[in-house]
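**Q** Provide a 3D model corresponding to the input given below.
(one chain, ligands or ions: 1)
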Amino acid sequence: MPYFTRPRNTAALRSGAQANRISSRRRPATGPGGRRVEMALVDGVGCWRRLPPAPLSFSGRRALFLDRDGVVVSEVGYLGRPEDVALIDGAGRAIAELNRAGVPVVLVTNQSGIARGYYDWTAFEAVQREIERRLGTQGAHLDAVLACGYHAEGLGALAVDHPWRKPGPGMLLDAAEQMGVDLASSWIAGDQARDLQAGRAAGLAGGLHVATGHGDAAQGRAARALASPAFQVTTATDLLSGVLALGMTPLGAPSC
Ligand SMILES: [Mg+2]
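**A** Numbers count the residues shown, from 1 in each chain. A predicted model of the protein is given here:
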């Protein structure tokens, strides 16, 4: 299926028709190891979720929530085409180490490009498949993926300031509800302070700010300013060095 061009998609989304036409999908797909997984627009419009086959098998574990663009894949600005996917160096190894350590890896991604009509959920899923295919070649997989297509300045039914959109904690809270992961011992990694804000609002133990993507000095300062007695903030040049420093994997050293 060809990707939607911006004008065509904009017209469809203006009426909410595009979002609603694909809203009732709840279909199985092939996940890590060839297992069947459920992926769906859970609210019919802008909240997309892919859970593992046995979500509650992760119950009680501390997870690492990962932002996607600028952390796992290069920031290209509204990534809507699989051919534009480029894994950031070390991201696959970082995720593979977490996989081996039994740490649930949960991708939480804002997708305002959908609200803005730049691409649709079909294109998003194609991008996700390509990301996960490439991760798979490095022995890495994502245990769950949650995406928010809403944005306050979006089109039609997607023009909502939604709690799933980071800095809101909605995606993290939903993942915890679905999978039973222990938020109080979990961390989030992101290139923007709003990723860490979502983590703090969800009651996570801490946030890892990485200097890839949009992770410049200003974002680093904003991230560090979120630190509190209840929320640790650490910084790293990229996901791999940060994950190893967090001590969540056998190769990593304790952070303090
Ligand atoms: Mg990002």
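**Q** Wait, residue 92 touches residue 133, no?
**A** No. Using C-beta atoms under 8 Å, residue 92 is not in contact with residue 133, being 11.2 Å away. For the C-beta atoms, the positions are set from N, CA and C on the backbone; glycine is no exception.
**Q** So those two - more neighbours on which side?
**A** Legend: neighbour count by other C-beta atoms under 10 Å for residue 92 and residue 133, higher for residue 92 (22 against 11).
**Q** and that one, how far is that from residue 228?
**A** 32 Å (C-beta to C-beta, to the nearest Å).
**Q** again with residue 143
**A** The value you get for residue 143 to residue 228, if C-beta to C-beta is used, is 28 Å.
**Q** who's more crowded, these two?
**A** residue 143 (27 against 10).
**Q** Next up, the contacts around the more buried one.
**A** 32, 52, 58, 63, 104, 105, 106, 179 (C-beta atoms under 8 Å, 6 or more residues apart in numbering).
**Q** most centrally placed residue in the protein?
**A** Central residue of the chain (C-alpha atoms, centre = their mean): residue 108, 2.3 Å from the mean position.
**Q** quick one, phi/psi of it?
**A** phi -130, psi 110 (degrees, to the nearest 10).
**Q** In the sheet, which residues pair with it? Tell me.
**A** Beta-bridge pairing of residue 108 under DSSP bridges involves residue 146.
**Q** Contact partners for it?
**A** Taking C-beta under 8 Å, 6+ apart, one finds 65, 66, 67, 68, 146, 147, 166, 171, 172, 175, 188, 198 in contact with residue 108.
**Q** Need the pLDDT of it.
**A** Residue 108 carries a pLDDT value of 98.
**Q** Look up how far residue 199 lies from it.
**A** Residue 108 is 9 Å from residue 199, by C-beta to C-beta.
**Q** Please enumerate the shared neighbours of those two.
**A** 65, 172, 188.
**Q** Go through the residues you listed and flag which are in strands.
**A** Members of the shared contacts of residue 108 and residue 199 lying in strands (criterion: DSSP state E): 65, 188.
**Q** Nearest to residue 45, out of the shared contacts of residue 108 and residue 199: which one, please.
**A** residue 172 (19.9 Å; C-beta to C-beta).
**Q** if you skip the residues just before and after it, what's nearest to the closest one?
**A** Counting by C-beta to C-beta, 6 or more residues apart in numbering, the nearest residue to residue 172 once its immediate chain neighbours are dropped is residue 202, at 3.9 Å.
**Q** so who does the one you found touch?
**A** 169, 172, 173, 176, 183, 188.
**Q** Please tell me how far whichever residue of the stretch 1-150 of the chain sits closest to the ion sits from residue 117.
**A** Closest to the ion within the stretch 1-150 of the chain is residue 70: 3.6 Å, counting by C-beta to the ion. Distance of residue 70 to residue 117, computed by C-beta to C-beta: 22 Å.
**Q** Highest neighbour count among the shared contacts of residue 108 and residue 199?
**A** residue 65 (30 neighbours).
**Q** Please determine how far whichever residue of the stretch 101-250 of the chain sits closest to the ion is located from residue 91.
**A** Nearest to the ion in the stretch 101-250 of the chain, going by C-beta to the ion, is residue 191, at a distance of 4.4 Å. Distance, residue 191 to residue 91, using C-beta to C-beta: 12 Å.
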